[in-house]
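Undergrad: just coords:
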Ligand code: T4K
């Protein structure tokens, strides 16, 4: 049997572990059973149900390019999310790159340094200059009060991220965008199923982008989508993700190959059956963290906002060194010693990576809130199959570490 956790070294043809992943795979993939806890684990449907769909794909031999599962999933997903149009993608990064193309964004785009690096790479791949804006301490999202001073004649759009699924201040962002005639593309890769007062967060802005990566609340292994609000835009996005083909002989623009396969669409269709349960279970476990940690001084948690249906994509805590008596990295190392693979999402800031470091808006001191939060954050394990006893153990470790 092929061990997919090993890679082939081209030069020696030897099979070896990717050293950057060896710690993760140290338990040889046995996961929870061997006592290792990960920051997240995918929720998967019963395998038999997927095998049934696989047989169907084998029979029809229709593997990609708008196959029957793709069409069914696209429709079912739009209905589930409560949006007008969904365009399915191979992953969230290609969806972001394409969203910027679809809106013909150029020049400068105001965005956040506190996200997964793909947010800003999508700008770079489009030849757009990112302009980093500081974040709000309570949501970790772009701070609307700091956007206006960054607008120049070259600014064409704002690219905010609903970090950890917490909604951005969409009303304020919309006001600024309207005044200055800017487009808004939300990176909603963490925000599957998030609603405010019953309305999906995905209906704000010109476009929203989702990720269905293995680490996401809703996964199709790899996958993503763009949510759009009018038919013409949906058509343009669909051309762009398929090389620009409008029909067999007409290429309407410089498209890319970013299509979702039938395998991804089939699992997505199945996942829709189970997603509400998975989110509910995550919510219960998040509630246990809140109850356990509410008295622990120096550990800040995100506040649950009234009227918001959270999807509990991640469970970040912020370690206030002066009060807790330990640095975040100290706590990170202690957890790792205990086989608890906590993660520092998001550290370092995107503005600190070599590609972006030289930008004027990346200068240290320019993003004080983000620079503080990135040194405090630690994402604790959260996924639907995590045990309540695991959470109690994680919280006990935190209590033990407090000085
Ligand atoms: N925008 C935002 C705001 C994003 O967060 C992301 C992706 C994107 C855009 C781009 O979307 P995609 O193009 O990825 O669709 C992960 C993911 O690769 C990435 O999708 C995600 N954000 C980011 C926040 O996290 P890593 O390198 O931290 O993941 P990895 O492989 O270390 O996995 C973390 C843990 O998850 C593992 O310790 C165990 C568990 N895991 C992971 C995988 C891949 C599993 O149990 N099974 C798996 O198959 O980047």
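TA: Thanks, I have the structure now. In this text, all values refer to a predicted model and were calculated from it rather than measured experimentally.
Undergrad: contacts, neighbours, all on C-alpha from now
TA: Will do.
Undergrad: Tell me the pLDDT of the nearest residue to residue 126 once chain neighbours are set aside.
TA: Once flanking residues are discounted, residue 126 sits nearest to residue 97: 6.9 Å by CA to CA, 6 or more residues apart in numbering. We have a pLDDT of 98 for residue 97.
Undergrad: pretty sure residue 97 is in a strand, no?
TA: No: inclusion of residue 97 in a strand is not indicated when DSSP: H, G, I helix; E, B strand; the rest coil is applied; the result is helix.
Undergrad: Can you report how many residues lie near it?
TA: 23 (other CA atoms under 10 Å).
Undergrad: my read: it touches residue 125, true?
TA: Yes: assessed by CA atoms under 8 Å, residue 97 is found in contact with residue 125 at 7.0 Å.
Undergrad: Now do the shared contacts for those two.
TA: Shared contacts of residue 97 and residue 125 (CA atoms under 8 Å, 6 or more residues apart in numbering): none.
Undergrad: can you pull the contacts of the residue nearest to residue 126?
TA: Counting by CA under 8 Å, 6+ apart, residue 97 has contacts 122-123, 125-126.
Undergrad: ok, it to the ligand distance?
TA: 10 Å (CA to the nearest ligand atom, to the nearest Å).
Undergrad: And residue 263, how close does it get to the ligand?
TA: 15 Å.
Undergrad: And for residue 292?
TA: Counting by CA to the nearest ligand atom - residue 292 and the ligand are separated by 24 Å.
Undergrad: List the contacts of stretch 330-346.
TA: Taking CA under 8 Å, 6+ apart as the rule, stretch 330-346 contacts 24, 35-39, 114-116, 374, 377-381, 397-398, 401.
Undergrad: And that stretch, end to end?
TA: 17 Å (CA to CA, to the nearest Å).
Undergrad: before we move on, back to that, list buried residues within the contacts of stretch 330-346.
TA: 24, 36-39, 114-116, 374, 377-381, 398 (16 or more other CA atoms under 10 Å).
Undergrad: can you tell me which of these are up against the ligand?
TA: Subset of the buried ones among the contacts of stretch 330-346 in contact with the ligand: 24, 38-39, 115-116, counting by CA under 6 Å from any ligand atom.
Undergrad: just those residues now: which is nearest residue 147?
TA: Closest approach to residue 147 among these (CA to CA): residue 115, at 16.7 Å.
Undergrad: helix, strand or coil for the closest one?
TA: coil.
Undergrad: I figured it hits residue 349, correct?
TA: Yes: counting by CA under 8 Å, residue 115 touches residue 349, with 7.4 Å between them.
Undergrad: Would you mind pointing out the helix or strand residue 232 falls in?
TA: Using DSSP states H and E, residue 232 maps to helix 231-240.
Undergrad: Quick check: buried residues in that helix?
TA: Buried-residue list, helix 231-240, by 16+ other CA under 10 Å: 233-234, 236-240.
Undergrad: Now do the contacts for the residue nearest to residue 73 when sequence neighbours are not counted.
TA: Distances taken as CA to CA, 6+ apart place residue 269 nearest to residue 73, at 5.2 Å, with adjacent residues excluded. Counting by CA under 8 Å, 6+ apart, residue 269 makes contact with 69, 72-73, 76-77.
Undergrad: quick one: which of the residues you listed is most hemmed in?
TA: Neighbour-wise, these (other CA under 10 Å) top out at residue 69, 24 neighbours.
Undergrad: and it, what does it touch?
TA: Applying CA under 8 Å, 6+ apart, the residues near residue 69 are 262, 265-266, 269.
Undergrad: The ligand contacts on the stretch 51-200 of the chain?
TA: Residues of the stretch 51-200 of the chain found near the ligand (CA under 6 Å from any ligand atom) are 91-93, 115-116, 118-119, 187, 189.
Undergrad: Sort out for me which of those are in strands.
TA: Mapping those onto strands (DSSP state E) picks out residue 187.
Undergrad: With pLDDT as added columns, please give the residues of the stretch 51-200 of the chain next to the ligand in a markdown table.
TA: Shown next, in a markdown table, are these (pLDDT from 0 to 100):
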| residue | pLDDT |
| --- | --- |
| 91 | 98 |
| 92 | 98 |
| 93 | 98 |
| 115 | 98 |
| 116 | 98 |
| 118 | 98 |
| 119 | 98 |
| 187 | 98 |
| 189 | 98 |
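Undergrad: what does the model give residue 304 for pLDDT?
TA: On the pLDDT scale, residue 304 gets 88.
Undergrad: one step back: which helices and strands does the next helix or strand after the helix holding residue 232 pack with?
TA: Downstream of helix 231-240, the next assigned helix or strand under DSSP H and E is strand 245-247. Contact analysis of strand 245-247 by 3 or more CA pairs under 8 Å, 6 or more residues apart in numbering; DSSP states H and E lists no helix or strand as a packing neighbour.
Undergrad: Going by neighbour count, list what's buried in strand 245-247.
TA: Buried, per 16+ other CA under 10 Å, within strand 245-247: 245-246.
Undergrad: ok now that strand, how far from the chain's centre?
TA: 31 Å (CA atoms, centre = their mean, to the nearest Å).
Undergrad: who's in contact with it?
TA: 239, 251-253, 255.
Undergrad: Filter these down to just the ones in strands.
TA: Using DSSP E, the contacts of strand 245-247 in strands are residue 251.
Undergrad: Of the contacts of strand 245-247 - the most surrounded one?
TA: Busiest of these [other CA under 10 Å] is residue 239, holding 22 neighbours.
Undergrad: Just give the nearest non-adjacent residue to it, would you?
TA: residue 245 (5.5 Å).
Undergrad: Quick check: beta-bridge partners of the one you found?
TA: residue 251 (DSSP bridges).
Undergrad: Please confirm that residue 72 is located within a strand.
TA: No: counting by three-state DSSP, residue 72 falls outside a strand, being helix.
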